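Novice: Predicted model and sequence below, questions to follow.
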Amino acid sequence: MYVKVETERLNFIRFNQSKLRSDEYIHLRDAIATEGHAANIGCLTILPASYDKHPVIDRTWTARVFKQKITVLMDYIVKQKVFGAVRCWMYSVEWQKRGLPHAHILLWMFDKIRPDHIDSIISAEIPDKQTDPELYSIVTTSMIHGPCGVHNPESVCMENGNCTKRFPRPFTAETISGNDGYPLYRRRSPDDNGKWIELMVKRNETNVTVIVDNRWIVPYFPLLGQ
Ligand SMILES: [Zn+2]
């Protein structure tokens, strides 16, 4: 996909040399002026400075790291059976022509996952700072949605006054498996020993401190943080 996009970009530059005023580039002009062999410049293509070659390295690197990470993840799932024994599996990786890749993974299990088992795998809560400072740091910096809504009505996720990602989610004392197959993850309230943090958000060009509790946590797989 990357090569396809890159080819399109290079072709645009090659076929739009006059529009890009490439003949005005100083070295090329000098060559024509001093040597007078304009015909000999062949089909040289001038790459404008705006054509950045670094993303090639970045994306190759990203692809390699992503491949390593997904291999480790599939090992955790299939060989170490973190969700239980897997009957079969498949995944597809999406790049969407930009940004970071992500994978959709489909697993067929021998046994259904029970709600009490889910809590040991997926969490939607702020972890304990003392017992796992590293996980605490990852979750509080990367796994907090928004904040949007009352905390920040200008957030990109907001549409007609509502968060399109359905945050903040309600507090839930225990994980419940829904009838549609989607579990409602445990999100304990501060009254029920749930953690909370203070977070600085920008509102109308000024920084304000908001309280973020478990209603704002994007569900995560703690094992991946290791
Ligand atoms: Zn939102």
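Specialist: Looks like it arrived, so ask away. Numbering: from 1, shown residues only.
Novice: Between the two ends of stretch 80-96, how far is it?
Specialist: One end of stretch 80-96 to the other measures 31 Å (CA to CA, to the nearest Å).
Novice: Then stretch 127-135?
Specialist: 7 Å.
Novice: Same check on stretch 129-137?
Specialist: Stretch 129-137 end-to-end distance (CA to CA) = 8 Å.
Novice: Please spell out which residues along it are buried.
Specialist: Neighbour-count burial for stretch 129-137, with 16 or more other CB atoms under 10 Å as criterion, is recorded at 135-136. Quick note: C-beta positions are derived from backbone N, CA and C, even for glycine.
Novice: That stretch - what's its average pLDDT?
Specialist: Across stretch 129-137, pLDDT averages out at 94.
Novice: Not counting its own residues, what contacts the longest helix seen in the chain?
Specialist: Secondary structure of the chain read by DSSP state H shows that its longest helix is helix 54-74. Residues outside helix 54-74 that contact it (CB atoms under 8 Å, 6 or more residues apart in numbering): 2, 6, 89, 91, 93, 100-101, 103, 105, 224.
Novice: let's see it at 10 Å
Specialist: The contact list for helix 54-74, computed with CB atoms under 10 Å, 6 or more residues apart in numbering, reads 1-3, 5-6, 52, 82, 86, 89, 91, 93, 95, 98-103, 105, 107, 221, 223-224, 226.
Novice: Tell me how many other residues crowd Gly149.
Specialist: 17 (other CB atoms under 10 Å).
Novice: hang on, isn't it packed against Arg169?
Specialist: No - Gly149 is beyond contact range of Arg169, at 11.6 Å (criterion: CB atoms under 10 Å).
Novice: Mutual contacts of these two, please.
Specialist: Listed as contacting both Gly149 and Arg169 by CB under 10 Å, 6+ apart are 163, 216.
Novice: lowest confidence element among the helices and strands of the chain?
Specialist: helix 26-35 (a mean of 59; mean pLDDT, DSSP states H and E).
Novice: Can you give me the buried ones in the longest helix of the chain?
Specialist: In helix 54-74, counting by 16+ other CB under 10 Å, buried: 59, 62, 66, 70, 73-74.
Novice: same check, this time on stretch 111-127
Specialist: For stretch 111-127, by 16+ other CB under 10 Å, it's 118-119, 122-127.
Novice: cool, stretch 196-208 as well?
Specialist: In terms of neighbour count (16+ other CB under 10 Å), stretch 196-208 has its buried residues at 199, 201.
Novice: Look up phi and psi at Val82.
Specialist: Note on Val82: backbone dihedrals following degrees, to the nearest 10 are phi -60, psi -30.
Novice: Likewise for Pro183?
Specialist: phi -80, psi 150.
Novice: Now it. Nearest residue, chain neighbours left out?
Specialist: Sequence neighbours aside, Ser177 is the residue nearest to Pro183 in space, at 4.8 Å (criterion: CB to CB, 6 or more residues apart in numbering).
Novice: ok, now Phe221?
Specialist: Closest to Phe221 by CB to CB, 6+ apart is Ile122, at 6.0 Å.
Novice: dump the residue contacts of that neighbour.
Specialist: 83, 113, 175, 183, 185-186, 219-223.
Novice: List only buried entries from these.
Specialist: Here, 16+ other CB under 10 Å leaves 83, 175, 183, 185-186, 220, 223 buried among the contacts of Ile122.
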